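Q: Sequence and predicted structure, then a few things I'm wondering about:
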There are 2 protein chains.
Amino acid sequence: MVKFKEMMKLVAEKAWEMGRSDPRKIIFAAKMGLALALISLLIFLKEPFDFTRHSVWAILTVVVVFEFSIGATLNRGFNRGLGTLSAGGLAVGMGELSALAGEWEEVIVIISTFIVGFCITYAKLYPTLKPYEYGFRVFLITYCYITVSGYHSGEFLDTSISRFLLIALGAAVSLGVNICIYPIWAGEDLHNLLIKNFTGVATSLEGVVNHYLNCVEYKKVPSKILTYQAAADDPVYSGYRSAVESTSKEDSLLGFAVWEPPHGKYKMLNYPWKNYVKVSGALRHCAFMVMAMHGCILSEIQAPAEKRHVFLNELKRVGSEGARVLRELGNKVKKMEKLDRGDLLFDVHEAAEELQQKIDKKSYLLVNSELWEIGNRPRDESNDDHPKGLFHMDEDRKFLEYKSLSEAVLDLRSIEVQNNWDEKTTDDNSNNHDVPPIANENMFVKQMSWPAHVYYKPEVKAKEEESKTYESASSLSLTTFTSLLIEFVARLQNLVDSFEELGEKANFKDPLEKQGAV
Amino acid sequence: MVKFKEMMKLVAEKAWEMGRSDPRKIIFAAKMGLALALISLLIFLKEPFDFTRHSVWAILTVVVVFEFSIGATLNRGFNRGLGTLSAGGLAVGMGELSALAGEWEEVIVIISTFIVGFCITYAKLYPTLKPYEYGFRVFLITYCYITVSGYHSGEFLDTSISRFLLIALGAAVSLGVNICIYPIWAGEDLHNLLIKNFTGVATSLEGVVNHYLNCVEYKKVPSKILTYQAAADDPVYSGYRSAVESTSKEDSLLGFAVWEPPHGKYKMLNYPWKNYVKVSGALRHCAFMVMAMHGCILSEIQAPAEKRHVFLNELKRVGSEGARVLRELGNKVKKMEKLDRGDLLFDVHEAAEELQQKIDKKSYLLVNSELWEIGNRPRDESNDDHPKGLFHMDEDRKFLEYKSLSEAVLDLRSIEVQNNWDEKTTDDNSNNHDVPPIANENMFVKQMSWPAHVYYKPEVKAKEEESKTYESASSLSLTTFTSLLIEFVARLQNLVDSFEELGEKANFKDPLEKQGAV
């Protein structure tokens, strides 16, 4: 008894929690109760008997048609109406026909049932007809019912008509209650889902960049991530995952939203809901890059902390500018405004450019120059039969110039000194490091001071090679992270384009005009 | 009339096509027709009248319960049975109760309807109860119907019982026909979906690597890819997309498969269907890398063709070994065999290692060494207060050794010569190149022979910088591609692990034992 009391308490708590987080659910449940109570009023109708006898159809219709959003309700109602009407017509026709057959009537009824069942079920399985699945079901039920009950009473037409009236009544009650009292729109949900996805990806992006720079490592990568299941406890993962995963949700919301009449903020016939899904797809295309960056954190091969710190400022800036763009776009969708004049992407492009330049300058950190074999690339002999000597000359020049260039760079002491290097390794007081600074320094020394004479002893080389491979792979991982980040920035253009298309088609407000009005 | 004839022809063609590609659909439709015809036999029952009057319930049950797979049918049948039973119980109870209320009977009926409607609808919206949504609907329909019709006739119990018998009859016919005649199992579908995904990802991987090496470029990236919609005409894209997108399909198949009794090849109670989904998740985790690699092809920033050709053999080998592993795993799932003794991943790991070593040796191709500023990195002064002089010494040594090392590498002529470089640029006769070989050669020269004196003129430098940035980004893109490929290989381990877990739990055959038997 105590246990039962506890369980009831738990259920009540959960119910309260759900209602608090989305009050629309309570309202919807109350609307459903009201619609059912209204339809139960049928019990007071004692005449005509035939009508009340079939009252089950009105109840059935209410329960089946009453869906969470207006679009879904209209869609279901339409399916139900169409299915009933056409099945009714067919059944009445078949009934009259089979009645003509005299003693073979039963056989004809059963064979026709089989044929209709086969055709409708087969059509239902055709992919493009999938949204009308429910209509096909209703068709089958109606057809069989009218055939069977009509056979008993011989009144095919009456059964059809009274049934249709009851269904119309049920549908009218459903639609009336659902639309008139606090309507819940699928379009609104789609709108909010898009906004939520923008915020989610922005949060993930910032999280990924920060985690990467703070060298947050997963002690053990959660198997949920490895098998791509939902994991609520990791905001970085769940942020992009929900954007990546929302395809089917969006599709079903879109399917309902197109059924909805103009309402609220969406005062337009043929509101471009399709473009919402398109923007969301473009956002997903960006989210895939965030996902790939997250992959760099999940990976076993990790770039050393101090190398990451060299690019700290630049990476951080690109990350935060990228997240800003996403948040701004999400905000514009929310306010249903067009973009401001001026290039939204200017800052993030500049930041990416800067990152790229920094990489150019510091790319010696990303490679294993000890293993280079530039010095001994043989002269290309295959061009000897080239018609002009020019090409050959080019080959030579390339070779020589490259060599002198490399030396020039290495001795070059006149370039403007950039102090970023020291800034970063010294102001490194984040406590997320798994390696203390001194160890870092040593690791770095080890990597940089690989003795040159190794290369003169082939047998040593083979042994050492494996660990070198790992080391250089770990540096390449940093390159990958930055490239992915830059590719993310490149993909933003496509996102902005599809947002602008949405803004144009959906007739979003112009922020400047609005300012003028104020 | 001619138009109608043409349309009919088109419909017939489509229907034929669908049946040819999946004959199970024809069988299913025929089964449905048979079940309906069987239930129509009820019309011959003229006695007892009350029973036949409610025959609609049997028909309803057949139409609603009859689902494509056995699991779905059982699940629906269970929901329907439970919903009807509990609603019947409650309705009878409420009916007797309200009858006691005398003249307030109607009011009590309507209020109780509202309360039941509210509670059930609210519970239905709770996420964990979602799979039982159908059961809740049935509950509501039954409850209202029994209440309303019971009020008329005063025979709550009779209505309930006859209704339940009819539903049981309908369910029995459905299950009998569906299970006894050519059963279609959701588990089988899940099994095949996994195999299909393995093949799809393998094809995509090979396609991506080949496209990359042949420098296939999208003239204009299809907007369907940019907004992540299905595009059937691109096998590379659709291969990984279907693996990435199959989450919701898998979840619903899993939901049905767990309802299915042991059958066919799956002779086990509690067959580990969950592990199928887990393997598929691990495969998806790999597919994300293929997707990111595809992103390198879609990207505007492209590595020059001749640089890619340097790594042609290695990239190709990793790609084909990776695809081989995927195909082998798919094959093992198909044959339901455990892995052979010996390391499945050995070859692909070796190939990846080789690729990594090649990158190490050739990494000068991937960076823009002209912009380096190694020569003038200032000595780190912040370590002056270090307790031991050792560290300071290290700093110095690092600096000196690095310098000498770089020079040593550049002059190093004793390393074993690798001729790959020339092999690749000369045997380059693929016609997918968008730049003819000579132009390539020139481009390369231009990039390599950037005059060193630019760096002494800061004003020129600023102008040139932008184009340099693009150039080096394009080389980094190659690094990214290879890193992603290597990360793909790293993720294979996780895939193999989850496959082995599946093999263990599902008791897959041991290939050696089988051989022994033959």
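A: Now that the structure is in, tell me what you want to look at.
Q: Show me what counts as buried in stretch A:217-232.
A: Neighbour-count burial for stretch A:217-232, with 16 or more other C-beta atoms under 10 Å in any protein chain shown as criterion, is recorded at A:K224, A:I225, A:L226, A:T227, A:Y228, A:Q229. In short, each C-beta sits where N, CA and C put it, glycine included.
Q: and that stretch, is it in reach of chain B?
A: Yes: using C-beta under 8 Å from any C-beta of the partner chain, stretch A:217-232 reaches chain B at A:I225, A:L226, A:T227, A:Y228, A:Q229.
Q: and if you look at stretch A:96-103?
A: No: Stretch A:96-103 is not in contact with chain B by C-beta under 8 Å from any C-beta; minimum separation 11.1 Å.
Q: For chain A, give me the ranges with low pLDDT.
A: A:1, A:43-53, A:150-156, A:159, A:232, A:301, A:363-474, A:514-518 (pLDDT under 70).
Q: Tell me which residues touch the closest residue to A:H263 other than its chain neighbours, please.
A: In this structure, A:H263 finds its nearest non-sequential neighbour in A:W185, 6.1 Å apart by C-beta to C-beta, 6 or more residues apart in numbering or on different chains. If you count contacts by C-beta atoms under 8 Å, 6 or more residues apart in numbering or on different chains, A:W185 has them with A:S69, A:I70, A:G71, A:A257, A:E260, A:H263, A:G264.
Q: I'd assumed A:L193 was in contact with the fourth one.
A: No: between A:A257 and A:L193 there is no contact under C-beta atoms under 8 Å: 10.8 Å.
Q: who has more neighbours, those two?
A: More crowded of A:A257 and A:L193, by other C-beta atoms under 10 Å in any protein chain shown: A:A257, with 26 against 19.
Q: ok, now which ones touch that one?
A: Shown in contact with A:A257 (C-beta under 8 Å, 6+ apart): A:G71, A:W185, A:A186, A:G187, A:L190, A:Y271, A:W273.
Q: what do you get for A:N75?
A: Contacts of A:N75 by C-beta under 8 Å, 6+ apart are A:E67, A:P131, A:G255, A:F256, A:W259.
Q: If you rank those residues by neighbours, which is first?
A: Neighbour tally across the contacts of A:N75 (other C-beta under 10 Å): the maximum, 25 neighbours, falls on A:F256.
Q: in what helix or strand does it lie?
A: If you go by DSSP states H and E, A:F256 is part of helix A:247-257.
Q: what comes up buried for that helix?
A: Quick answer for helix A:247-257 (16+ other C-beta under 10 Å): A:T247, A:E250, A:S252, A:L253, A:L254, A:G255, A:F256, A:A257.
Q: now do stretch A:272-292
A: Under the neighbour-count criterion of 16+ other C-beta under 10 Å, stretch A:272-292 has A:272-273, A:275-292 buried.
Q: just those residues that are near chain B?
A: Contacts with chain B within these, counted by C-beta under 8 Å from any C-beta: A:V277, A:K278, A:V279, A:S280, A:G281, A:A282, A:R284, A:H285, A:F288, A:M289, A:M291, A:A292.
Q: could I get the strand or helix carrying A:I120 in CSV with only the CA atoms?
A: Assigned by DSSP H and E, A:I120 belongs to helix A:105-124. Backbone C-alpha positions of helix A:105-124 (Å, rounded to 0.1, in the frame of the first residue of the first chain) are rendered in CSV as follows:
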residue,chain,number,x,y,z
GLU,A,105,-24.8,-13.0,-53.9
GLU,A,106,-22.6,-14.2,-51.0
VAL,A,107,-19.9,-15.5,-53.2
ILE,A,108,-19.8,-12.2,-55.1
VAL,A,109,-19.6,-10.2,-51.9
ILE,A,110,-16.7,-12.3,-50.6
ILE,A,111,-14.8,-12.2,-53.8
SER,A,112,-15.3,-8.5,-54.2
THR,A,113,-14.1,-8.0,-50.6
PHE,A,114,-10.9,-9.9,-51.4
ILE,A,115,-10.3,-7.9,-54.6
VAL,A,116,-10.9,-4.5,-52.9
GLY,A,117,-8.8,-5.5,-49.9
PHE,A,118,-5.9,-6.6,-52.2
CYS,A,119,-6.0,-3.5,-54.4
ILE,A,120,-6.2,-1.0,-51.6
THR,A,121,-3.5,-2.6,-49.5
TYR,A,122,-1.2,-2.8,-52.4
ALA,A,123,-1.8,0.8,-53.3
LYS,A,124,-1.1,1.8,-49.7
